[in-house]
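>>> Whatever this is, show me its structure:
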Amino acid sequence: MLKRLAFFSLIIISKISYSQNSSVDKFICDTAFISDIEVDCLMNRFSISLHNDSIYLINNKPKADHGFISINGYSIPSNSFFDVKAYFEDGDEYLSNPGVFPIHSLWFNKNYLYMLIFDRVYKFERKENDRKKVNYNYDSYVELSVDARSIFLLSNNKILLFNSSRDKGNTIYEYDYESNKILNRAKLPYPISILSLFSPRDILCVDDEHIYYTPANTYKINIYNYSFELIDSIVYTKKGWNEFPIEKQRFALNTYEYGIDIINHFSNDFREKYSSILRLFAFDNKLIVFYFIREDNTGKYLYDIWSSKNGIWEIVEEGVDDHSKNIRNTRDRLFPFSNFIFDKKDIYRMKYDVPVRRENYRREKQYIKAYEKYVIKHNCLLTIEKLRFVE
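Here you go, the predicted structure:
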């Protein structure tokens, strides 16, 4: 059954330095599509899915009014927003307190919508009424026999479960919904498992052929095929990389019972001292590695871009800064917490529009204060940006 779970994580974004080579030079915003959908400015994590040329997204803790939850949609061909509803069975336990049970993932397969809601996978069937309005009705659910916090629908329609745990390490599973069985599994190297407590920490991603995974503490990316066989690795010796000592993890696990105590003890270390990979993105034979590193007594949030040519991985951009003082309309950065859809060579970024502009303030501190005051007191508008990567 669904169980209550307390989540503790530390946002490890702090003061960063600036460089001439930045995200604003590599990812150009072609168009921004601003909806009239109001969203909580502070709720910046979505579950998202691409299905039939439309992007579907839902925040992790939506309202469940009248027995359904609303899913926002964006049609790529028509550049228009829409919504669909997912109706639960009357009396379902999730409806009693949807804010307690987070939606970790959603995906589509043929005429069905699936959601991973804590330890259950729900299945909804597509229904279209006489006016061509599409919604999804409850079909069934299963309780997973393993822990999973992310689900990926692979290009061969197999389902990949991923779990990251400070106690049990990291594991991937091949899963079949209809039989509710685990068909395959693989243990992944994760020597510093307490890194999972500090976010962002999206250390596994997929493309049409491969699974990419990093142990985060070291600059290494393992590449697996869909059968979970290790077929390649990217190992890079980066100047100034300072790994978190394994001895400190042993101390943490032997000393503290709760994750929040580990976060309190090591928060300054992860913000100011030790290097680690925070997120991975794969698209168009490229891999983006977003990481924290300390250089010249300054914490930096940077990313590298790798490209695969004839099966050989080469680094094509290194140390790209994820912020630029040339970005004047918003204070947010590109990679720390953004949600992306990579559709062939097109990149779509989900974000919030905050109507506080840098050019209206003489000083940076005044702008930051006004920006933060707005997002605390007001709702923002859901926005989708279409980005173009500059080779």
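>>> distance of the closest residue to Asp119 other than its chain neighbours from Ser164?
The shortest distance from Asp119 to any non-neighbouring residue, by C-beta to C-beta, 6 or more residues apart in numbering, is to Leu144 (5.4 Å). C-beta: built from backbone N, CA, C; applies to glycine. Between Leu144 and Ser164 the computed distance is 15 Å (C-beta to C-beta, to the nearest Å).
>>> and what of Tyr291?
Relative to Ser164, Tyr291 is positioned 17 Å away (C-beta to C-beta).
>>> for the stretch 1-150 of the chain, what spans make up the helices?
Applying DSSP state H, counting those that start in this stretch to the stretch 1-150 of the chain gives helices spanning 23-26, 93-96.
>>> Worst mean pLDDT among these?
Lowest mean pLDDT of the helices of the stretch 1-150 of the chain: helix 23-26, a mean of 66.
>>> Can you pull the phi/psi pair for the residue lying closest to Phe244 once chain neighbours are set aside?
Spatial nearest neighbour of Phe244, excluding adjacent residues (C-beta to C-beta, 6+ apart): Tyr274 at 4.3 Å. Backbone torsions of Tyr274, given as degrees, to the nearest 10, read phi -100, psi 140.
>>> ok, Tyr274 touching Asn242?
Yes. With contact defined as C-beta atoms under 8 Å, Tyr274 and Asn242 form a contacting pair (5.5 Å).
>>> For the two, indicate the residue with more neighbours.
Neighbours were counted for Tyr274 and for Asn242 using other C-beta atoms under 10 Å; Tyr274 has more, 20 against 11.
>>> who's in contact with that one?
By C-beta atoms under 8 Å, 6 or more residues apart in numbering, the residues touching Tyr274 are Asn242, Glu243, Phe244.
>>> now do Ala64
Counting by C-beta under 8 Å, 6+ apart, Ala64 has contacts Phe88, Tyr94, Leu95, Pro98.
>>> Quick check, Tyr361 in contact with Tyr371.
No. With contact defined as C-beta under 8 Å, Tyr361 does not count as touching Tyr371 (9.2 Å).
>>> The two: who's more crowded?
Taking neighbours as other C-beta under 10 Å, Tyr361 and Tyr371 compare with Tyr371 leading, 19 against 15.
>>> Which residue, other than its chain neighbours, is closest to the more buried one?
Spatial nearest neighbour of Tyr371, chain neighbours left out: Val356 (4.7 Å); criterion: C-beta to C-beta, 6+ apart.
>>> Hmm, Ile368 and the one you found touching each other?
No. Counting by C-beta under 8 Å, Val356 does not reach Ile368; the two are 9.5 Å apart.
>>> what stretches of the stretch 251-391 of the chain score poorly on pLDDT?
Applying pLDDT under 70 to the stretch 251-391 of the chain flags residues 322-337.
>>> Do a quick rundown of the helices in it.
Under DSSP H, counting those that start in this stretch, the stretch 251-391 of the chain gives helices at 259-272, 364-377.
>>> Just the buried residues of the first one, please?
Just to be clear, that refers to helix 259-272. For helix 259-272, the neighbour count (16 or more other C-beta atoms under 10 Å) marks Gly259, Ile262, Ile263, Phe266, Phe270, Arg271 as buried.
>>> And that helix, what does it pack against?
Judged by 3 or more C-beta pairs under 8 Å, 6 or more residues apart in numbering; DSSP states H and E, the packing partners of helix 259-272 are strand 10-11, helix 246-255.
>>> Same check on the last one?
For helix 364-377, not one helix or strand is in contact under the criterion 3+ C-beta pairs under 8 Å, 6+ apart.
>>> Please list the residues outside that helix that contact it.
By C-beta under 8 Å, 6+ apart, helix 364-377 touches Cys41, Leu42, Thr330, Arg331, Tyr352, Val354, Pro355, Val356, Arg358, Asn360, Tyr361.
>>> This completes my enquiry, with thanks.
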